[in-house]
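**Student:** Okay, predicted coordinates and the sequence, questions at the end:
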Amino acid sequence: MSSVVEPSGITSQIWQRLLKQSDTNADNRLSKDELDALKTSYQGDVDIDQLIRSFDVDGDQSLSPSELPSSPLDVEMLGPLLDWQEYGKADAATRAEDDKRVIDALFQRADVDRDGFLSRDEMEAETTLRRTRWLEGKATDDDPVYMIRLGADQDRLGPEDFLTGRRIPLDALKVIPPEEIPADVRAAIQKVTEEWQNSPDYQKPLTAEEHRQQAITDVLNTPLTATYMARLLSQLSAAAARMDPFQSKDNGTLA
């Protein structure tokens, strides 16, 4: 296991990786030309001049590590959605409308090449960014849950391939105390557990902290593909749009 990484430092390390990968002249900063090169793989609306105007503190027309934002990656900005209780009580038409907004937003931020489908690279970038939000403590019970239909082409996922819903908070679930479980059921559970633990393939489950550290390691080792770097560029663009008083307030985020 790698050394412990504090969640608050994940975003900073992600920006450091992006800078190292894109800094072609090795001067430890991103110039306008280097940012323009990043933009070529992203078909969304990214204003490089705005990025520099928003983050370039020392006025050298480039972005150094200390000038890149240290705040967590953007949250999904979908507007008001039905919460899990409202969603469960809503009629089919209302749920379908809510689901469509969620899936449309997924494609708006994740479909980097704007071809109307999500590739493996685009889904990996989306999964990494969502995992980062969780690790940074920004994920909430109101975040939508996505599932892919069985048999879908994993290299070319369309909107019809996704199902979505809402998480049910743990405190809303009814937990049955062990003493209320029938004795024969408890015995069956115990037998299955012992057989599993005694099998040659058994591996002791990770603790919550070990699981968290493994997730951090996975995020920080995600390959910096052109697609993933394009998503990170869109994160910078969204942050810059919120900071820049000249930017329209209608500009969306692509987290």
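**Tutor:** Structure's in. What do you need? Numbers count the residues shown, from 1 in each chain.

**Student:** OK, contacts around residue 190?
**Tutor:** If a contact means Cβ atoms under 8 Å, 6 or more residues apart in numbering, then residue 190 has no contacts. C-beta here means a position set from N, CA and C on the backbone, and glycine is covered the same way.

**Student:** Buried residues of the helix or strand harbouring it, list them for me.
**Tutor:** Assessed by DSSP states H and E, residue 190 sits inside helix 183-197. Residues of helix 183-197 include none that count as buried (16 or more other Cβ atoms under 10 Å).

**Student:** And stretch 37-55, by the same measure?
**Tutor:** Those would be 38, 39, 42, 44, 46, 47, 48, 50, 51, 52, 54, 55, for stretch 37-55 by 16+ other Cβ under 10 Å.

**Student:** Now do it: distance to the chain's middle.
**Tutor:** From the chain centre to the centre of stretch 37-55 is a distance of 20 Å (Cα atoms, centre = their mean, to the nearest Å).

**Student:** just the CA coordinates of it, formatted as CSV?
**Tutor:** Taking C-alpha atoms only, stretch 37-55 is exported to CSV below (Å, rounded to 0.1, in the frame of the first residue of the first chain):
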residue,chain,number,x,y,z
ALA,A,37,-2.6,22.3,-27.3
LEU,A,38,-4.7,20.7,-24.6
LYS,A,39,-7.8,22.3,-26.0
THR,A,40,-7.3,20.6,-29.4
SER,A,41,-8.7,17.3,-28.0
TYR,A,42,-11.8,18.9,-26.5
GLN,A,43,-14.8,20.0,-28.6
GLY,A,44,-16.4,22.1,-25.9
ASP,A,45,-16.3,25.8,-25.3
VAL,A,46,-13.0,26.6,-23.5
ASP,A,47,-11.7,30.2,-23.5
ILE,A,48,-7.9,30.0,-22.9
ASP,A,49,-7.6,33.7,-22.5
GLN,A,50,-10.2,33.6,-19.7
LEU,A,51,-8.3,30.8,-18.0
ILE,A,52,-5.1,32.9,-17.9
ARG,A,53,-7.1,36.1,-17.0
SER,A,54,-8.7,34.2,-14.0
PHE,A,55,-5.7,32.3,-12.6
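
**Student:** Use 52 as the first number from now on
**Tutor:** Understood, numbering begins at 52; the last thing we discussed is stretch 88-106.

**Student:** before we move on, the earlier item: restricted to helices, list the buried residues of stretch 88-106.
**Tutor:** Per DSSP state H, helices hold the following members of the buried residues of stretch 88-106: 89, 90, 99, 101, 102, 103, 105, 106.

**Student:** roughly how far apart are the third one and residue 139?
**Tutor:** I take that to be residue 99. 45 Å (Cβ to Cβ, to the nearest Å).

**Student:** Kindly report the same for residue 285.
**Tutor:** For residue 285, the distance to residue 139 equals 33 Å [Cβ to Cβ].

**Student:** quick one, which of these two is more surrounded?
**Tutor:** residue 285 (25 against 12; other Cβ atoms under 10 Å).

**Student:** I'd assumed residue 97 was in contact with that one.
**Tutor:** Yes: the criterion here is Cβ atoms under 8 Å, and residue 285 meets it with residue 97 at 6.5 Å.

**Student:** Please identify which helix or strand holds the residue nearest the centre of the chain.
**Tutor:** For the chain, the residue nearest the mean C-alpha position is residue 181 (1.6 Å; Cα atoms, centre = their mean). Using DSSP H and E, residue 181 sits within helix 171-186.

**Student:** Would you mind listing the buried residues in that helix?
**Tutor:** 172-177, 179-184, 186.

**Student:** Ok, stretch 106-116 next?
**Tutor:** Here stretch 106-116 shows 106, 107, 113, 114, 115 as buried, counting by 16+ other Cβ under 10 Å.

**Student:** can you tell me how far the last one sits from residue 103?
**Tutor:** Taken as Cβ to Cβ, the spacing of residue 115 relative to residue 103 amounts to 11 Å.

**Student:** do the third one as well
**Tutor:** Relative to residue 103, residue 113 is positioned 7 Å away (criterion: Cβ to Cβ).

**Student:** Many thanks, have a good one.
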